[in-house]
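Undergrad: could you look at this predicted model? Sequence included:
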Amino acid sequence: MSKSNIQLVDECDRFPYPDDNPASYKAHLENYWEFKVNGCNAVLGHMLDAVVLRFNFPANDWFVDYKNRTLTMLTSPTATPAQRSAVIAKALELAVQQDTFSVLRGWRNELYPVYGPGGEFLLEMERAASPLFGIVSYGVHATAYTKDANGELRIWVPRRSQTKQTWPGMLDNSVAGGMSTGEMPFECLVREAMEEASLPEAIVRANAVPVGCVSYVYVRDSAAGGETDLVQPEVEYVFDIPLDAETIPKPCDSEVQEFNLFSIDECKAALANGEFKPNCSVVLLDFFIRHGILTAENEPDYSTILARVHRRLEFPTRHLCDVAACL
């Protein structure tokens, strides 16, 4: 069955909204615990009930509050980010040794930051562990495109490797990747463009245009690899990369199988067939809106889609900078 654009958004932004149906939202939260850090009042993530109960948390480092369903790191309120990060690393090391979570088998040796209110840097943790704690993660997604002889847009679409742990064989955005601690959006884009698409740094710096962000709360299913129902709120910094006909993206690592040049109609068909990774569908819909391809005249759910792909997250986030200032 062909998928509508709003169904594609539903598949990516899957966590209930508190204002839409408060009773349903409250019932859904009964499956999750709050992740907190001593000295910070904010909830930093939603942890699946089964995850908290399977973790072997050292009692001197953590307080597991079964009544209020809250997991709190017991470091000093004045602890440094390094001290908090060491507590997380200790718990994860034990979980890996005991093979507690299959999602940790995809260990990346990349560290993701966790921010508190006001953008305070609280700690960092292994990327593969971030969905276990339900923290906000950050990344970049770019759409590389060119124009054919008739002036029509054509988009470079990669297919993910069949051996990737997450969403194997699905279509992706031209360039995409997670931002590690301390990394800025544009520099992350430059790095990922070379690693994934063999796009030279000079071309990316000269052509990439920062065009905003998309945000959503994904709830992982089996295609994501590892445990299901893990909460994954994300902020993706979005870029357009117009290319000339002579610049052709090519796979540079084992993550990408091939690149193909799709017409807009071919992109629409692949979206409707569910061939794109869920958050990549959202980035493409955002591209279509910005380029006047998807409008209020041809999409009945236009205003809802526009709002949903820019979700206000319930957790503290950091406004890294005006993305344009990173150029």
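TA: Good, I have the coordinates.
Undergrad: C-alpha from now on. contacts and neighbour counts both.
TA: Fine.
Undergrad: quick one: the helices in the stretch 51-200 of the chain?
TA: 81-97, 130-133, 185-197 (DSSP state H, counting those that start in this stretch).
Undergrad: could I get these as TSV with mean pLDDT, distance to Trp107 and mean neighbour count?
TA: TSV is the format used below for the helices of the stretch 51-200 of the chain (pLDDT from 0 to 100; distance: least, Cα to Cα, whole Å; neighbours: other Cα atoms under 10 Å):
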stretch	mean pLDDT	distance to Trp107	mean neighbour count
helix 81-97	97	9	16
helix 130-133	98	11	24
helix 185-197	96	19	22
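Undergrad: can you give me the buried ones in stretch 100-119?
TA: Under the neighbour-count criterion of 16 or more other Cα atoms under 10 Å, stretch 100-119 has Thr100, Phe101, Val103, Leu104, Leu111, Tyr112, Pro113, Val114, Tyr115, Gly116, Pro117 buried.
Undergrad: export the helices of the stretch 51-200 of the chain to CSV and tack on distance to Asp65?
TA: Listed next are the helices of the stretch 51-200 of the chain as CSV, based on distance: least, Cα to Cα, whole Å:
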stretch, distance to Asp65
helix 81-97, 17
helix 130-133, 16
helix 185-197, 37
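Undergrad: circling back: relative to Ala176, which of the buried residues of stretch 100-119 is nearest.
TA: Tyr112 (15.6 Å; Cα to Cα).
Undergrad: touching, the closest one and Met125? I think so.
TA: Yes: counting by Cα atoms under 8 Å, Tyr112 touches Met125, with 5.4 Å between them.
Undergrad: now for Gly106: which residues touch it?
TA: Ala128, Gln165 (Cα atoms under 8 Å, 6 or more residues apart in numbering).
Undergrad: gap between it and Lys164?
TA: 10 Å (Cα to Cα, to the nearest Å).
Undergrad: repeat that for Val211.
TA: 29 Å.
Undergrad: list the residues that contact the closest residue to Glu126 other than its chain neighbours.
TA: Closest residue to Glu126 apart from its sequence neighbours, by Cα to Cα, 6 or more residues apart in numbering: Leu111 at 4.6 Å. Contact partners of Leu111, counting by Cα under 8 Å, 6+ apart, are Glu124, Met125, Glu126, Arg127, Ser180, Thr181.
Undergrad: can I get those in TSV with neighbour count?
TA: Below are these laid out as TSV (neighbours: other Cα atoms under 10 Å):
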residue	neighbour count
Glu124	22
Met125	24
Glu126	19
Arg127	21
Ser180	20
Thr181	16
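Undergrad: looking at the residues you listed, which is nearest Ser24?
TA: The closest of these, once distances to Ser24 are taken by Cα to Cα, is Arg127, at 30.3 Å.
Undergrad: the closest one contacts Pro113, doesn't it?
TA: No: Arg127 is beyond contact range of Pro113, at 9.0 Å (criterion: Cα under 8 Å).
Undergrad: any shared contact partners between the two?
TA: With Cα under 8 Å, 6+ apart as the test, Arg127 and Pro113 reach no residue in common.
Undergrad: can you list the weak-confidence ranges in the stretch 151-300 of the chain?
TA: Residue ranges of the stretch 151-300 of the chain with pLDDT under 70: none are present.
Undergrad: pretty sure Gly45 belongs to a helix, no?
TA: No: membership of Gly45 in a helix is not supported by DSSP: H, G, I helix; E, B strand; the rest coil, which gives strand.
Undergrad: tell me the pLDDT of it.
TA: Here, the pLDDT recorded for Gly45 equals 98.
Undergrad: any idea how far it lies from Arg105?
TA: 21 Å.
Undergrad: next one: Gly134
TA: Taking Cα to Cα, one finds Gly134 at 18 Å from Arg105.
Undergrad: possible to save the contacts of Leu111 as TSV with distance to Glu195?
TA: Listed next are those as TSV, based on distance: Cα to Cα, whole Å:
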residue	distance to Glu195
Glu124	24
Met125	23
Glu126	20
Arg127	18
Ser180	15
Thr181	18
